[in-house]
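Undergrad: The following block contains a protein sequence and its predicted model.
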Amino acid sequence: MEFVDTLINVLNSTIRLTVPLLLACLAGLYSERSGVFDIGLEGKMLAGAFAGAAAAAVFASAWIGLLVAILVSIGMSLVHGFASITHRGNQIVSGVAINFIAAGSTVILGQAWFQQGGRTPSLPPEARFGEIKLPGADALRDVPIIGHVYSGLLSGHSLLTYLAFLAVPFTWWVLFRTRFGLRLRAVGENPAAVDTAGISVAWLRYRAIICTGVLTGLAGCYMALAQNAGFVKDMTAGRGYIALAALIFAKWKPVPAMFACLLFGFLDALSIRLQGTPLPLIGKVPVQLMQALPYVLTVILLAGFIGKAIPPRAGGVPYVKER
Amino acid sequence: MSTPYAKLPAWADYGLIPLINLLVAFAVAGLVVLLVGENPFRAAVILVEGAFGSGQGIAYTLFYATNFIFTGLAVAVAFHCGLFNIGGEGQAYIAGLGVAAVALTFDSTLPWWVIFPLAIIASALVGALWALIPAYLQAKRGSHIVITTIMFNFIAASVMVYMLVNVLKPVGAMAPQTRQFLEGAQLPKLGWLLTELGMKVRPSVPLNISFVLALVMAFLVWVLIWRTKLGYEIRTMGFSPKAARYAGISESRIIIVTMLISGALAGMMAINPLMGDQHNVPLDFVGGAGFVGIAVALMGRSHPAGIVPAAILFGMLYQGGAELAFEMPNISRDMIVIIQGLVILFAGALENMFRPTIQGIFATLSPKSVGVVAAKGERA
């Protein structure tokens, strides 16, 4: 039974570590499918986390925190859009800029407003997204396997966790079953064709990056209001880039994106779990190897050794109407 | 083909527009200072005084600038080829291993003037090697170099933690860093230069001979890009890969060679803090200099003559920012990260935001020039 408990434990923390990756990854999916590369996921998440934590601390309400996180994240997205869609600037340069602006301003504003060295005040339970117990979780706790899985793994997460996993089929439905999704994908492959059909390329891309803003806001909010109780300097710690890696790994598709994020979340959970414990057969695995594994896997994938990752065709290219 | 942007006189193109972009970036940064509740003008005065007000300040400013010249050149060389090397941070970090290998092996036997060139070669080699894999993948397999270099930054960080904790840390030591370098691997300081000029400088000031190396590299990059066949090929590739292919230039060779040079330049940055100041290899010694290089290259318009002043400006922000943090506790060094971001945004991504307006002004001032442009509007 001990093995099952350990497994459930690791899988449980896998889910917790996956959520911010998944939300950010889906966020990137909307943007990149519409032809706007987004290196700035990290910065938007960070800004969302800070804004969410700050607002939740001031108003003592998780919902206001969520709202502000999403608004600020959308704001950052719009800056990216203004530079890369309206002014046809380099999307990568713009994304890099967003990351630095977010990294610096969250600390400066946090220090100025709360005087805690860039942190926000620790949030009381009512200003956070607490754990939700699914119905019957307690009753089923002692049933072997099924009960363990239900009460130990599926129950007891925050609202945002369930939202994140629901966002996967929803994103699939939006992208592949709605008119908006069809156009969004089209604008990422062949904007000229979309333009010829009389649809505004710029407005479509703006709508896509607003979706990105909403989802990165949720991701940041999850980190600050559910996973932790407040904002800490540089709390996203490269997750935006891992999400980007997962997006490539998933070849820009929503359901594979979920599995890629789960894989990277699992690696993360495992590296925390295995710190210092030797594995059978392999011996002691350095923690750093586990931490680097998502990046190494992505590079190998990019090299085309595990199937080829082909990005949306018009990705990274600003659309010029008149040629 | 219609040109979105008509041609401006060179001084406006290379002087006025970058200046306006820079001023806007600093104006927005000033707004942030205002938001924090401090006076932006007073902050600017403290900053400039902290950086240039004393010999000590100047020495530190130039010390930081040395790092940024290397990383700025690294980014710029790649830009000329149309490549975006975000991996300067990782290339410089991993090059610490090259410096460590040379310094730890020879520091008890050889004098500094033998170890210095060896360290240059070793760090450049390791930095170049770290850039080689992303370059190869871009050239041969078409994987996007931005993504691979970002991934390599993280991989470099993991490798360095592993190496410092498990391999290079002396037995019994607590801190994850190498042992102190002996005298042979400590570079001579340049503080005396400022003393000669009549300024008061403590001998401990970290400005060292790698500043000269940085200036030499800036000159060599200029020679390379504008005075050699290879540089011509690199620029052709950057302007139009199609034209390069048509001219018989091997695309993959140029990508790989450019990235090797870029990685080597980033790698040399490791010498400055390690052999010039710290005299060991600690964790995180790059401290974001690789990323500052992006802002420096964009601000300097990828030209060494622009990169050196841009690097000194960022050196000023680093040194003056430290002074500023004393005077205004609300403004820590993270303010520089914001400024860096704003400079990248306005000098990079929004480079062309003010161009139509300025062109409009030029057009009203001398309508004749616009007519000429319309006639030969094929440029862009």
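TA: Received it, and whenever you're ready, just let me know what you need.
Undergrad: Start and end of stretch A:144-162, how far apart?
TA: Using Cα to Cα, to the nearest Å, one end of stretch A:144-162 lies 24 Å from the other.
Undergrad: what does that stretch contact?
TA: The contact list for stretch A:144-162, computed with Cβ atoms under 8 Å, 6 or more residues apart in numbering or on different chains, reads A:4-5, A:8-9, A:11-12, A:15-16, A:19, A:23, A:129-134, A:136-138, A:140-141, A:143, A:218, A:221-222, A:225-226. In this view, the C-beta of every residue, glycine as well, is placed from N, C-alpha and C.
Undergrad: Strands - which of those land there?
TA: Per DSSP state E, strands hold the following members of the contacts of stretch A:144-162: A:E131, A:I132.
Undergrad: of the contacts of stretch A:144-162, list those near chain B.
TA: Within the set of these, contact with chain B (Cβ under 8 Å from any Cβ of the partner chain) is found for no member.
Undergrad: Separate out the buried members of the contacts of stretch A:144-162.
TA: Using 16 or more other Cβ atoms under 10 Å in any protein chain shown as the burial test, those include A:8, A:11-12, A:15-16, A:19, A:23, A:129, A:137, A:140, A:218, A:221-222, A:225-226 as buried.
Undergrad: quick one: which of the residues you listed is nearest B:I133?
TA: Taking Cβ to Cβ as the measure, B:I133 lies nearest A:L23 of the buried ones among the contacts of stretch A:144-162, at 30.5 Å.
Undergrad: Quick one: residues contacting that closest one.
TA: Taking Cβ under 8 Å, 6+ apart as the test, what A:L23 contacts is A:L160, A:A164, A:A167, A:L215, A:T216, A:L218, A:A219, A:Y222.
Undergrad: where does the closest residue to the fourth one other than its chain neighbours land on pLDDT?
TA: Yep, that's A:L215 we're talking about. Spatial nearest neighbour of A:L215, excluding adjacent residues (Cβ to Cβ, 6 or more residues apart in numbering or on different chains): A:A27 at 3.5 Å. We have a pLDDT of 94 for A:A27.
Undergrad: With A:G276 instead?
TA: pLDDT, A:G276: 65.
Undergrad: now do A:A60
TA: pLDDT recorded at A:A60 is 84.
Undergrad: Now for the residue nearest to it when sequence neighbours are not counted, how many residues are close by?
TA: Closest residue to A:A60 apart from its sequence neighbours, by Cβ to Cβ, 6+ apart: A:A127 at 5.0 Å. Neighbours of A:A127 under the rule other Cβ atoms under 10 Å in any protein chain shown: 24.
Undergrad: Ok, B:V221 next?
TA: There are 24 residues near B:V221, going by other Cβ under 10 Å.
Undergrad: quick one: it and B:A264 touch, right?
TA: No: under the criterion of Cβ atoms under 8 Å, B:V221 makes no contact with B:A264, lying 10.9 Å away.
Undergrad: Let me see the contact set for B:N153.
TA: Counted by Cβ under 8 Å, 6+ apart, B:N153 has contacts B:I86, B:G87, B:E89, B:G90, B:Y93, B:G290.
Undergrad: Just say helix, strand or coil for A:A56.
TA: A:A56 falls in the helix class when you classify it by DSSP: H, G, I helix; E, B strand; the rest coil.
Undergrad: What's the local residue count around it?
TA: A:A56 has 32 nearby residues by other Cβ under 10 Å.
Undergrad: I'd say it and A:E126 touch.
TA: No: using Cβ under 8 Å, A:A56 is not in contact with A:E126; the gap is 9.4 Å.
Undergrad: Mind listing the shared neighbours of the two?
TA: By Cβ under 8 Å, 6+ apart, the residues touching both A:A56 and A:E126 are A:A62.
Undergrad: What helix or strand is B:A295 located in?
TA: Element membership of B:A295 [criterion: DSSP states H and E] is helix B:289-299.
Undergrad: Packing partners of that helix?
TA: helix A:91-114, helix B:55-80, helix B:88-106, helix B:304-327, helix B:334-343 (3 or more Cβ pairs under 8 Å, 6 or more residues apart in numbering or on different chains; DSSP states H and E).
Undergrad: Quickly check: the longest one near chain A or not.
TA: No: for a cut-off given as Cβ under 8 Å from any Cβ, helix B:55-80 has no contacts with chain A; the smallest distance is 10.1 Å.
Undergrad: so who does A:D268 touch?
TA: A:T14, A:L17, A:M290, A:Q291, A:P294.
Undergrad: sorry, back to before: which of the contacts of A:L23 sits closest to chain B?
TA: Chain B lies nearest to A:T216 out of the contacts of A:L23, by Cβ to the nearest Cβ, at 16.6 Å.
Undergrad: Local confidence estimate at the closest one?
TA: Reported pLDDT for A:T216: 94.
Undergrad: in whichever strand or helix holds it, what counts as buried?
TA: Secondary structure from DSSP H and E places A:T216 in helix A:201-221. Of all the residues in helix A:201-221, those buried under the rule 16+ other Cβ under 10 Å are A:201-202, A:204-221.
Undergrad: all strands of chain B, in order?
TA: Remark: strands of chain B are absent; assignment by DSSP E.
Undergrad: Please go through it and pick out the longest helix.
TA: helix B:112-141 (DSSP state H).
Undergrad: rewinding a little: and which of the contacts of A:L23 is nearest A:G265?
TA: Of the contacts of A:L23, the one sitting nearest to A:G265 (Cβ to Cβ) turns out to be A:A164, at 11.1 Å.
Undergrad: residues near that closest one, how many?
TA: 27.
Undergrad: Am I right that it is in contact with A:V19?
TA: Yes: the criterion here is Cβ under 8 Å, and A:A164 meets it with A:V19 at 4.7 Å.
Undergrad: Mutual contacts of those two, please.
TA: Joint contacts of A:A164 and A:V19 (Cβ under 8 Å, 6+ apart) are A:Y222.
Undergrad: Least confident secondary structure element in chain A?
TA: helix A:137-140 (a mean of 72; mean pLDDT, DSSP states H and E).
Undergrad: got the CA positions of it in PDB?
TA: Coordinates of each C-alpha in helix A:137-140 appear next as PDB, following Å, rounded to 0.1, in the frame of the first residue of the first chain:
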ATOM      1  CA  ALA A 137     -14.400  12.100  -1.200                       C
ATOM      2  CA  ASP A 138     -14.300  11.400   2.500                       C
ATOM      3  CA  ALA A 139     -16.700   8.500   2.300                       C
ATOM      4  CA  LEU A 140     -14.700   6.800  -0.500                       C
END
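Undergrad: got the contact list for it?
TA: A:I146, A:G147, A:Y150, A:S151, A:S155, A:G156.
Undergrad: Poorly predicted segments of the chain, please.
TA: Assuming you mean chain A. A:1, A:276-284, A:305-309, A:322-323 (pLDDT under 70).
Undergrad: could you do chain B instead?
TA: B:1-7, B:367-380.
Undergrad: Domains in it, by residue range?
TA: B:6-37+B:350-380, B:44-348 (automatic domain parsing).
Undergrad: Can you tell me which of those domains is most buried?
TA: domain B:44-348 (a mean of 21; mean count of other Cβ atoms under 10 Å in any protein chain shown).
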